[in-house]
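1. Structure for this input, please:
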Amino acid sequence: MMDEGTELSVTIAQIVQKLKGSNLHSQLERQAKECLQRPEIQLEDLKEDVKEFLKKSGWETKLQNAVYRELNVLPPPSHPEAPAEHIKEPLAYMRKAQGSWEKRILKSLNSMCTELSIPLARKRPGNEQKELLNKWNEMGTDEPDLSHFRPVYAPKDFLEVLINLRNPNYDSSDQPSSKSHWGLIQVPLKVKDIPELRESFAELGLNSGQLGIDDTTQVPADMFESEHAGIGRKVLIEQDSAAAEQYIRQGCPNELRAELWALILNATNEPEDILYYEQLKSGVLHHDLLVDNLIYKDVKLTASNDDYYFVFEDYLYQVLLCFSRDTVVLEHFNYNSATPPKSYIQGKLGLEDYAVVYPPNGVIPFHGFSMYVAPLCFLYNEPSKLYTVFREMYVRYFFRLHSISSFSSGIVSLCLQFESLLQTHLPQLFYHLREIGAQPLRIAFKWMVRAFSGYLATDQLLLLWDRVLGYNSLEILAVLAAAVFAFRAQNLMEVTSLAAAEAVLADLSTLKVMPLLQIFLFATIM
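-> Coordinates of the predicted model:
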């Protein structure tokens, strides 16, 4: 273990190293050089004068936001001599399970490639490039034959892998039978109980105003909503990511949400961001990838059939096709338990010198992947801005929902958190469902793996994602999943099969997220 001072030094060194090569660093240098020409800059107080100039001109705040962003994504500091794989995931059995899962996904992709005689990548002929460019804003009207393509995997396949996870050094028979875990996840990870969750989500308490509750009750709207919106506008003027994160814990007014989310994520839309997006678009136009068909197929199977999201079909193609080419996404593998898949140049199979990451961003889309983007289309109508916000949401949060890790916001911990909450607070319901072969996690897993996208009404989903961003944690997803079961407990106690239980929980579109969360967390009798 490192002491606090060493930990801080390591973190500072990591952030400095990361920001040194950034666009912000070169902009700060340029601004500092330009300010030397100003008459108020004195040679004897040069350092302090330059710092004061950068503060007054807003560059200090931009630097603070960039540092805050890095602090939010960096893994906890580890020993300087710790191997890279330990930083990605400290538990060996988790790393092994993730590695096996990746091999399965790659095998599925390669077998599809062989069966259909389609290369993983090919250069588009000139006429095809022109055709794609002409229909870039109406790709949804194109109907390629996707009948032979299948999703590489679906959430239920991933769940089976998680159910089979075991720590070889842990013997569950040592535990007293009354404390045994009834659920499907059988790994010993620490998850929070209700008192700890109440502490973590203190701002959701019954005594705090909440958008999603106080703006829908009979009290005059201006008593909470307008005051909260006024504070939100001040936060935007200050342009402080940390303040925005704190503010959004009580929900975000619709008119401020797009700007506040972008501020929290430090997702900019400067000319260089727009140019980068155009370069990714050019990559799509020049090369056709096998995963493009998986993206088309997924959008057709999910968002295109959704009453809320079908209108955004073209946006989804644009964002996801560009995302698959974006090598900046590879950086998140430094703190992701997963490893980007590799393929080999034709005729060079097995030769590491000829191995390339495939797809270029290292992420193979699965069934439902497009639903991570769909809700953001309600907030951003400019493709480049939509793209940068989605990419930041993915590398901060969404990747954790489809990789095997021991992280507290990872999907394994979320599953265990959900089952523990249900077993502790609704033991009769849990036992009943288990006895009839309707393990609760088999129903709730698909909600959590998609962060509830496609299951809740969009206004409710955005209120939920406000809290994900506000607390910089996905734990709220497990709490909501348990709260949904608690809300429908009476009906669920009467079902006698998995199909009947699924029917009771088939439609979540009428649920109100914030009352459910508040009642479950703060009105549950301990």
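2. Just the CA atoms of stretch 437-455, as PDB, please.
-> Taking Å, rounded to 0.1, in the frame of the first residue of the first chain, the C-alpha atoms of stretch 437-455 are listed here in PDB:
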ATOM      1  CA  GLY A 437     -37.700 -20.700 -11.500                       C
ATOM      2  CA  ALA A 438     -38.000 -17.000 -12.000                       C
ATOM      3  CA  GLN A 439     -34.700 -15.700 -10.600                       C
ATOM      4  CA  PRO A 440     -35.100 -11.900 -10.400                       C
ATOM      5  CA  LEU A 441     -31.800 -11.200 -12.100                       C
ATOM      6  CA  ARG A 442     -32.900 -13.000 -15.200                       C
ATOM      7  CA  ILE A 443     -35.500 -10.300 -15.600                       C
ATOM      8  CA  ALA A 444     -33.600  -7.200 -14.300                       C
ATOM      9  CA  PHE A 445     -30.300  -7.900 -16.100                       C
ATOM     10  CA  LYS A 446     -31.400  -6.500 -19.400                       C
ATOM     11  CA  TRP A 447     -32.500  -3.300 -17.800                       C
ATOM     12  CA  MET A 448     -29.200  -2.700 -16.000                       C
ATOM     13  CA  VAL A 449     -27.000  -3.700 -19.000                       C
ATOM     14  CA  ARG A 450     -28.700  -1.000 -21.100                       C
ATOM     15  CA  ALA A 451     -28.900   1.500 -18.200                       C
ATOM     16  CA  PHE A 452     -32.700   1.200 -18.600                       C
ATOM     17  CA  SER A 453     -32.600   2.800 -22.000                       C
ATOM     18  CA  GLY A 454     -35.600   1.500 -24.100                       C
ATOM     19  CA  TYR A 455     -37.400   0.400 -21.000                       C
END
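3. Specify the helix with the largest residue count in the chain.
-> In the chain, taking DSSP state H as the definition, the longest helix is helix 92-116.
4. starting at the chain centroid, how far to that one?
-> 22 Å (C-alpha atoms, centre = their mean, to the nearest Å).
5. buried stuff in it?
-> 93, 94, 95, 97, 98, 101, 102, 105, 106, 108, 109, 112 (16 or more other C-beta atoms under 10 Å). Any C-beta I mention is one placed from the backbone N, CA and C, and that applies to glycine too.
6. Return the member of those residues nearest to residue 81.
-> residue 95 (18.0 Å; C-beta to C-beta).
7. dump the residue contacts of the closest residue to that closest one other than its chain neighbours.
-> Here the nearest residue to residue 95 in space, its sequence neighbours aside, is residue 89; by C-beta to C-beta, 6 or more residues apart in numbering that works out to 4.9 Å. By C-beta atoms under 8 Å, 6 or more residues apart in numbering, the residues touching residue 89 are 95, 98, 337, 405, 406.
8. ok, now how distant is the residue most central in space within the chain from residue 121?
-> Centroid check for the chain by C-alpha atoms, centre = their mean gives residue 398 as the closest residue, at 2.1 Å. Computed with C-beta to C-beta, to the nearest Å, the distance linking residue 398 and residue 121 is 24 Å.
9. which one is the residue nearest to the centre of the chain nearest to, not counting chain neighbours?
-> residue 372 (4.9 Å).
10. How many residues are close by that neighbour?
-> 25 (other C-beta atoms under 10 Å).
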